[in-house]
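Trainee: below: sequence and its predicted model.
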Amino acid sequence: MTIISKKSLATALLATTMLTGAASAAEISANVGATTDCIWRGNTQASGDVSFSGGLDIDFGNGFAAGTWVGSLGGNRDDDDDSANYEADLYASYSTEVSGLGLELGYISYMYPGAADSTLDFADVYVSAALGSASVSYYVLASAEDTGVDADEGTYVSVDYELALNEELTLALHYGMEDYKNSESDEDTSISLSKGDMTFTVSSDEGDDTRAIISWGQSF
């Protein structure tokens with residue numbers, strides 16, 4: 001995997017975001033949320049505990065955007081537990097539209113400050129395409145503090161579809177597949193029903209772990 005070129009792409013994207021965005025009227029938004037479990041790619045990140053989160057986003061008005069998100073990953077940890085108590089993400093992206101097709105290129109850094117295991121941090125580069133209510137995204141591992149994970153060349157593909165059932169209810173369908181060079185692929189699926197700020201989700205992974213999650217979120 002050409003990690004150097006991917007890191008260079010991420011650096012260029014972040015730099016261009018700051019320089020180009022300075023000349024535009026930026027819009028700042030924030031979000032807060034709570035969920036009965038923090039699920040990422042079909043797997044629990046909070047060991048089934050309630051998770052609280054908050055984030056800040058900046059839209060530079062020219063296709064470039066950047067932001068940060070912080071979420072708790074469980075409250076009852078032993079001192080000897082290597083698991084992180086919270087996750088902090090930094091991300092930047094560029095979006096455009098070509099003949100009705102929405103395109104986005106982005107970079108996400110996942111960090112776990114305070115974790116006993118300092119090699120948990122990693123980063124992805126991704127590209128997404130959206131047409132109407134359907135979208136496809138492709139993630140590539142850009143770097144990882146764990147040298148074994150870094151060498152495994154991880155990728156993730158997700159397919160998502162949203163359908164407005166009526167003026168109040170929205171149905172969302174998701175399929176994802178994670179693949180590593182030296183490991184078996186892992187699939188995950190979910191179906192969500194949203195009404196206002198509330199969402200009910202049933203999520204499953206290939207290991208037959210099925211979870212029902214209730215989430216609340218609000219942006220302002």
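Mentor: Alright, I've got the coordinates. Residues are numbered from 1 along each chain as shown.
Trainee: helices of this structure, start to end?
Mentor: For the chain, helices defined by DSSP state H occupy the ranges 3-21, 147-150.
Trainee: any weak-confidence spans in the chain?
Mentor: In the predicted model, the chain carries pLDDT under 70 at residues 1-24, 75-83, 117, 208.
Trainee: all strands for it, in order.
Mentor: Applying DSSP state E to the chain gives strands spanning 27-35, 39-40, 43-44, 51-59, 64-72, 86-98, 101-111, 122-131, 134-144, 155-164, 169-180, 183-195, 198-205, 210-219.
Trainee: contact partners of the fourth one?
Mentor: When you say that, I think you mean strand 51-59. Residues outside strand 51-59 that contact it (C-beta atoms under 8 Å, 6 or more residues apart in numbering) are 21, 26-35, 37-38, 45, 65-74. All C-beta atoms are positioned from the backbone trio N, CA, C, and that covers glycine.
Trainee: rerun at 7 Å
Mentor: 26-35, 37-38, 65-73 (C-beta atoms under 7 Å, 6 or more residues apart in numbering).
Trainee: just the buried residues of those.
Mentor: Neighbour-count burial (16 or more other C-beta atoms under 10 Å) applied to the contacts of strand 51-59 gives 33-35, 37-38, 65-67, 69, 71-73.
Trainee: quick check: Tyr175 vs Ala92, distance?
Mentor: Relative to Ala92, Tyr175 is positioned 26 Å away (C-beta to C-beta, to the nearest Å).
Trainee: neighbour count winner among those two?
Mentor: Per other C-beta atoms under 10 Å, whichever of Tyr175 and Ala92 has more neighbours is Ala92, with 22 against 13.
Trainee: bridging residues for the closest residue to that one other than its chain neighbours?
Mentor: Of all residues not flanking Ala92 in the chain, Ala66 sits nearest, at 4.3 Å (C-beta to C-beta, 6 or more residues apart in numbering). Beta-bridge pairing for Ala66 (DSSP bridges): Ile58, Ala92.
Trainee: same check on Ser190?
Mentor: According to DSSP bridges, His174, Ser203 are recorded as the beta-bridge partners of Ser190.
Trainee: who's in contact with it?
Mentor: Residues in contact with Ser190 (C-beta under 7 Å, 6+ apart) are 174, 201-203.
Trainee: most neighbours, which of those residues?
Mentor: Among the contacts of Ser190, the one with the most neighbours (other C-beta under 10 Å) is Ser203, at 22 neighbours.
Trainee: got the contact list for that one?
Mentor: By C-beta under 7 Å, 6+ apart, Ser203 lies in contact with 39, 42, 188, 190, 211, 213.
Trainee: if you set the cut-off to 10 Å instead, what comes out?
Mentor: Applying C-beta atoms under 10 Å, 6 or more residues apart in numbering, we find Ser203 in contact with 37, 39-44, 174, 188-192, 209-213.
Trainee: cool, Leu103 as well?
Mentor: By C-beta under 10 Å, 6+ apart, the residues touching Leu103 are 63, 94-97, 127-130.
Trainee: closest one of those to Tyr138?
Mentor: Nearest to Tyr138, judged by C-beta to C-beta, of the contacts of Leu103 is Val127 at 5.5 Å.
Trainee: rewinding a little: only the buried subset of the contacts of Leu103, as a ChimeraX command please.
Mentor: Buried residues among those (16+ other C-beta under 10 Å), as a ChimeraX selection:
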select :63,94,95,128,130
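Trainee: a markdown table for the contacts of Leu103, including distance to Leu56?
Mentor: Output for these, formatted as a markdown table (distance: C-beta to C-beta, whole Å):
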| residue | distance to Leu56 |
| --- | --- |
| Gly63 | 19 |
| Tyr94 | 19 |
| Ser95 | 18 |
| Thr96 | 23 |
| Glu97 | 25 |
| Val127 | 24 |
| Ser128 | 21 |
| Ala129 | 26 |
| Ala130 | 23 |
